[in-house]
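> model this:
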Amino acid sequence: MIEFKNKDGKYHRIDGPAVEYTNGNKHWYINGIRNRIDGPAVEYADGHKSWYILGYFFNKKPTFKDMIMVIISERY
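Numbering: from 1, shown residues only. Next up is the predicted model:
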């Protein structure tokens, strides 16, 4: 398993998956929160994918409107 963490010990990587498991699963995190805006935040070796924006789960690729709603809900 390959892990990237920030100084606080939380999974963190900006330019790729923060965790890559030996079975091929990949997980993207920013400061310990599952997050990826340019693709799925979790890619499983079997081809299954899960999308997360700022820790919010989406069962399909989020739209631009979905992304805006997450940002608004985090700010207010």
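> any buried residues in stretch 67-74, and which?
By neighbour count with 16 or more other C-beta atoms under 10 Å, stretch 67-74 contains the buried residues residue 70. All C-beta atoms are positioned from the backbone trio N, CA, C, and that covers glycine.
> contacts for it?
Identification of contacts with stretch 67-74 by C-beta atoms under 8 Å, 6 or more residues apart in numbering yields 37, 53, 54, 56, 62.
> now that stretch: how far from the chain's centre is it?
16 Å (C-alpha atoms, centre = their mean, to the nearest Å).
> now it - C-alpha only, PDB.
Taking Å, rounded to 0.1, in the frame of the first residue of the first chain, the C-alpha atoms of stretch 67-74 are listed here in PDB:
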ATOM      1  CA  MET A  67     -20.500  21.000  -7.100                       C
ATOM      2  CA  ILE A  68     -21.900  24.500  -6.500                       C
ATOM      3  CA  MET A  69     -24.400  23.200  -4.000                       C
ATOM      4  CA  VAL A  70     -21.700  21.400  -2.000                       C
ATOM      5  CA  ILE A  71     -19.600  24.600  -1.900                       C
ATOM      6  CA  ILE A  72     -22.600  26.700  -0.800                       C
ATOM      7  CA  SER A  73     -23.600  24.200   1.900                       C
ATOM      8  CA  GLU A  74     -20.000  24.200   3.300                       C
END
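> widest-spaced pair of the contacts of stretch 67-74?
37 and 56 (11.7 Å; C-beta to C-beta).
> what about the longest strand in the chain?
strand 49-53 (DSSP state E).
> all strands for this structure, in order.
Per DSSP E, the chain carries strands over the ranges 2-3, 19-20, 26-27, 29-30, 33-34, 42-43, 49-53, 56-58.
> just those: most buried one?
Highest mean neighbour count among the strands of the chain (mean count of other C-beta atoms under 10 Å): strand 29-30, with a mean of 22.
> okay then, goodbye and thanks.
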